[in-house]
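Q: Mind folding the following:
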Amino acid sequence: MSHRQLDFYRAISEELDLEKMQHRFLLALLDLQHVERGSIWIRTAEGYRCVEAVGNQSERVRGIVVGADRPSIVGWVIENGRMTIAEPGRDARHFREIEDQLDIKSTLILCFPLVLKNGGVYGAIQLIDTSTGGDRLNLDKEYLDLLQGLVDIGSLALSNSLVYKYQVEENLRLKQAIDAMRGGDSIVGQSRVFHAVMKTAGEFAKTDFTVLITGESGTGKEVVAREVHRMSPRSNKPFLVQNCSAIPDSLLESELFGYRKGAFTGANKDKIGLFEAADGGTVFLDEIGDMPYQLQARLLRVLQNGEVKPLGGVRTRKVDVRIISATNRDMKDAISKNEFREDLYYRLNVLPIHILPLRERREDIPLLLEHFLRRECLRMGLPGKKIDRKAMERLLHYPWPGNVREMENFARHIILIAGGDTISEDDLSVHFGMGREEEPARNGGALPRRTSGEEQGGLSLSDYTWEELERAYVFSLLEKNRWHVTRAAKDAGVTRSTFNSRMKRLGIQR
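A: Residues are numbered from 1 along each chain as shown. From the prediction side, this is the model:
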């Protein structure tokens, strides 16, 4: 017995992992009783759950929950806190449904309570004899008393591991929450339209249909797409993002579909595309309205048949992906101009979500500002900052042409330039470039007021600096093109890179 006792102590003292400890603990007790079947049960809100099982067809028992209102030997032991011996065929406490699915039935069951330090019972452990005569279990009183002592020691070790596991999980949840506050995108809002959008997203998440999210640039379309994925059955699978307007046409095709070695110059090895990499998960196609026309037919095939063919490949491959797309374009207008396929549009727009700009849901502005200020202060290790009443009034009337994205950048800037722990109306003039006597611009690029031109009833361009005029011109182009930089650059007659550099020099961000 001493050698087996030593093995038992090793089983519960050398293992830190809860699942492995449960398994070794149960095996050690089965070895002491010369039987091959056993199980460990824990009290839960639903009843009694089997967290470990050993023996023939144990996988059919592990994970089963017996309701507290149903008769069971483990339930009786947990509720009464006493060891018991039961003969399954004759004992009314036996939960027969479990045995119905097993080829080999139990003939005798020895069940011990698992006890906490304070005497409370949190579970039970069953040692089961399946021999024909049910004579393998040693039921000698002294032996059972010794076994009960070992079980008591093991149950304390198990309870400590359970507490440790829950603490680790709680710490992980707290870490994820802090990480989200520090750098992650968050869904924040209190307006009626915001809650309507989130309710719709929750309903759409239950399905596998395509979702098309529309709204102005910076309204948070990608954040909503991530939320749909997070709430969906695919949440433990990849969520991959591709902006359809950010890269050249040929590169976009290879990014989405992949390529085979030798498909083009520089293709030195095979590369899987986004659709294959996201198999089982979700692909988010941002700025879908700017996808090249010839590439739209290939996307349509993915939606219709669930098939992709890499560049240079000869065989198609089946993929299981959900496609969520987003655009700030008027898709009906794009279809009328033959810039977007009508059949693809209806395939993508099965479940539509429209996000209103901030100027049309001003109730969300205070909550969003508070969220971004708190998050950026936490990220930078700075004391928290608040916005005083007058500053908040001006921010509520500011139109936020860049929407949530502009507000996020504002928070990063203002916490660095505002002195003290309160952001005042004077602090806003540094960021928005407006004096206290001026009203906030009705768009981000409006020219500041000048007296001479307005007093004469007209606008005198000579009253403005070159930078003021250029800023107003750039903003006008961006608003005309719904903040699509490529189209704005085309209207300006310059390349996208040149237009981007002008925006950067002027401090204009999307």
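
Q: Could you use CA atoms for every contact and neighbour count after this?
A: Fine.

Q: Keeping just the C-alphas, turn the host helix or strand of Ala489 into PDB.
A: Using DSSP states H and E, Ala489 maps to helix 485-492. The C-alpha trace of helix 485-492 is given here as PDB (Å, rounded to 0.1, in the frame of the first residue of the first chain):
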ATOM      1  CA  VAL A 485      -8.500  60.000 -51.900                       C
ATOM      2  CA  THR A 486      -7.900  58.500 -55.300                       C
ATOM      3  CA  ARG A 487     -10.900  60.200 -56.900                       C
ATOM      4  CA  ALA A 488     -10.200  63.500 -55.100                       C
ATOM      5  CA  ALA A 489      -6.600  63.400 -56.500                       C
ATOM      6  CA  LYS A 490      -8.000  62.700 -60.000                       C
ATOM      7  CA  ASP A 491     -10.300  65.700 -59.800                       C
ATOM      8  CA  ALA A 492      -7.300  67.800 -58.600                       C
END
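
Q: And for that helix, what's in contact with it?
A: Under the criterion C-alpha atoms under 8 Å, 6 or more residues apart in numbering, residues 477-478, 480-481, 495-496, 498-500 lie in contact with helix 485-492.

Q: what element comes up after that helix heading to the C-terminus?
A: helix 496-506.

Q: quick one on the thing from earlier: if we only consider the contacts of helix 485-492, which is nearest to Arg90?
A: Asn481 (80.6 Å; C-alpha to C-alpha).

Q: how close does the closest one sit to Gly38?
A: 70 Å (C-alpha to C-alpha, to the nearest Å).

Q: With Phe209 as the reference, measure out to Asp320.
A: To Phe209, Asp320 is 12 Å away according to C-alpha to C-alpha.

Q: shared neighbours of those two, anything?
A: With C-alpha under 8 Å, 6+ apart, Asp320 and Phe209 have no common neighbours.

Q: what ranges do the helices span in the stretch 101-250 of the chain?
A: For the stretch 101-250 of the chain, the helices defined by DSSP state H, counting those that start in this stretch cover 141-183, 192-205, 221-230, 249-257.

Q: and the residue nearest to Met392 when sequence neighbours are not counted, which of the three is it?
A: Distance criterion C-alpha to C-alpha, 6 or more residues apart in numbering; nearest residue to Met392, sequence neighbours excluded, is Pro366 at 7.5 Å. Secondary structure for Pro366, judged by DSSP: H, G, I helix; E, B strand; the rest coil, is helix.

Q: if I pick Glu79, what's in contact with it?
A: By C-alpha under 8 Å, 6+ apart, the contact list for Glu79 reads Val121.

Q: if we go to 7 Å?
A: Residues near Glu79 by C-alpha atoms under 7 Å, 6 or more residues apart in numbering: none.

Q: Just the element for it, please.
A: Counting by DSSP H and E, Glu79 is part of helix 73-80.

Q: mind showing which ranges of the stretch 301-450 of the chain have poor pLDDT?
A: 430-431, 433-450 (pLDDT under 70).

Q: What segments of it are helices?
A: Here the stretch 301-450 of the chain has its helices, by DSSP H, counting those that start in this stretch, at 331-336, 342-348, 365-380, 389-397, 403-417, 425-432.

Q: can you tell me which of these comes nearest to Ser58?
A: It is, among those and with distance given as C-alpha to C-alpha, helix 342-348, at 46.2 Å.

Q: Point out the most buried one among the helices of the stretch 101-250 of the chain.
A: helix 221-230 (a mean of 21; mean count of other C-alpha atoms under 10 Å).

Q: thinking again about what came up before, let me have the helices of the stretch 101-250 of the chain in JSON lines, extended by mean pLDDT.
A: Shown next, in JSON lines, are the helices of the stretch 101-250 of the chain (pLDDT from 0 to 100):
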{"stretch": "helix 141-183", "mean pLDDT": "71"}
{"stretch": "helix 192-205", "mean pLDDT": "92"}
{"stretch": "helix 221-230", "mean pLDDT": "93"}
{"stretch": "helix 249-257", "mean pLDDT": "86"}
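
Q: and the ones you listed as JSON lines, adding distance to Ala68?
A: Converted to JSON lines, those look like this (distance: least, C-alpha to C-alpha, whole Å):
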{"stretch": "helix 141-183", "distance to Ala68": "21"}
{"stretch": "helix 192-205", "distance to Ala68": "33"}
{"stretch": "helix 221-230", "distance to Ala68": "33"}
{"stretch": "helix 249-257", "distance to Ala68": "52"}
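
Q: Please name whichever of those is nearest to Asp31.
A: Closest to Asp31 of those, according to C-alpha to C-alpha: helix 141-183, at 11.7 Å.

Q: so what's the spatially most central residue of the chain up against?
A: By C-alpha atoms, centre = their mean, the mean C-alpha position of the chain lies nearest to Arg230, the distance being 4.2 Å. If a contact means C-alpha under 7 Å, 6+ apart, then Arg230 has no contacts.

Q: Convert the C-alpha atoms of stretch 385-400 to PDB, please.
A: C-alpha atoms of stretch 385-400 as PDB (Å, rounded to 0.1, in the frame of the first residue of the first chain):
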ATOM      1  CA  LYS A 385      -8.800  64.400 -18.700                       C
ATOM      2  CA  LYS A 386     -12.300  65.800 -18.800                       C
ATOM      3  CA  ILE A 387     -14.000  68.300 -21.100                       C
ATOM      4  CA  ASP A 388     -15.600  71.400 -19.600                       C
ATOM      5  CA  ARG A 389     -19.100  72.500 -20.400                       C
ATOM      6  CA  LYS A 390     -18.300  75.200 -23.000                       C
ATOM      7  CA  ALA A 391     -15.800  73.000 -24.800                       C
ATOM      8  CA  MET A 392     -18.300  70.200 -25.000                       C
ATOM      9  CA  GLU A 393     -20.900  72.600 -26.400                       C
ATOM     10  CA  ARG A 394     -18.600  73.600 -29.200                       C
ATOM     11  CA  LEU A 395     -17.600  69.900 -29.900                       C
ATOM     12  CA  LEU A 396     -21.300  69.000 -30.000                       C
ATOM     13  CA  HIS A 397     -21.800  71.600 -32.800                       C
ATOM     14  CA  TYR A 398     -18.700  70.700 -34.700                       C
ATOM     15  CA  PRO A 399     -19.800  68.600 -37.800                       C
ATOM     16  CA  TRP A 400     -17.000  66.000 -37.500                       C
END
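
Q: Give the buried residues for that stretch.
A: Of the residues in stretch 385-400, 385-387, 391-392, 395-396, 398-400 count as buried by neighbour count, 16 or more other C-alpha atoms under 10 Å.
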